[in-house]
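Sequence and predicted structure are below.
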Amino acid sequence: MNGRWRSIVVTALLAAAASGAATWASATWVMRERQPPSLHSVIHDRLDLDAAQAQRLAVIEARFAERRPVLEAEVRGANRELAAAIASSGGDTPEVQAAVDHFHAAMGDLQKATIAHVFEMRAVLTPAQAKVFDAAVVNALSGDAG
């Protein structure tokens, strides 16, 4: 390959790399801008917590941070159980139905714990703060609904 063609190929490769990087950066920015703020950011950035509230919320958040991975692991385990039941059965068998039930129970436990956590945090807030928090919760749940 002569020098001229090598230059063209290098230029094309650099242009493709720059284009890919710009596309990735743009998509990341757009997705971040379209997502509602997390409940964590609403609580800590928009509610003007006093020191006592911040301390109580830190305890609540730490407790849930310990519990949530256990619940999520149960969901993942139930999902693997369902996959194994489907792979070994070849149809809608009692084993598949039991695995589906286990998965639903695990997901339900995670959702119930999350909702209890949300209401436990809400109990620390003033009525005005709770109004902002409630709107963020409703927005987050509505956004997930599609």
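Done, it's in.

Do a quick rundown of the helices in the chain.
3-34, 39-41, 51-89, 94-122, 127-144 (DSSP state H).

Including mean pLDDT and mean neighbour count, could the ones you listed go into JSON lines?
Every residue, glycine included, has its C-beta placed from N, CA and C. Listed next are those as JSON lines, based on pLDDT from 0 to 100; neighbours: other C-beta atoms under 10 Å:
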{"stretch": "helix 3-34", "mean pLDDT": "60", "mean neighbour count": "10"}
{"stretch": "helix 39-41", "mean pLDDT": "76", "mean neighbour count": "13"}
{"stretch": "helix 51-89", "mean pLDDT": "91", "mean neighbour count": "14"}
{"stretch": "helix 94-122", "mean pLDDT": "91", "mean neighbour count": "15"}
{"stretch": "helix 127-144", "mean pLDDT": "85", "mean neighbour count": "13"}
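
Verify the contact between residue 68 and residue 111 for me.
No. Shown here, residue 68 and residue 111 do not form a contact pair, counting by C-beta atoms under 8 Å, at 11.5 Å.

Domain-wise, how is this protein divided?
Using automatic domain parsing, the domain parsing of the chain gives 1-35, 38-130.

between those, which gets nearest to residue 138?
Checking the domains of the chain against residue 138 by C-beta to C-beta gives domain 38-130 as the closest, at 11.1 Å.

distance between that closest one and the chain's centre?
How far domain 38-130 lies from its chain's middle: 10 Å, per C-alpha atoms, centre = their mean, to the nearest Å.

now the end-to-end length of that domain.
15 Å (C-alpha to C-alpha, to the nearest Å).

can you offset everything so residue one is 43?
That works, and once the first residue is 43, the last one we named lands at domain 80-172.

Do I have it right that residue 135 meets residue 129?
No. Residue 135 is beyond contact range of residue 129, at 11.6 Å (criterion: C-beta under 8 Å).

Are there residues contacting both of these two? Which ones?
Residues within reach of residue 135 and of residue 129 at once, by C-beta atoms under 8 Å, 6 or more residues apart in numbering: there are none.

would JSON lines of the domains of the chain with distance to residue 181 be doable?
Shown next, in JSON lines, are these (distance: least, C-beta to C-beta, whole Å):
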{"stretch": "domain 43-77", "distance to residue 181": "10"}
{"stretch": "domain 80-172", "distance to residue 181": "9"}
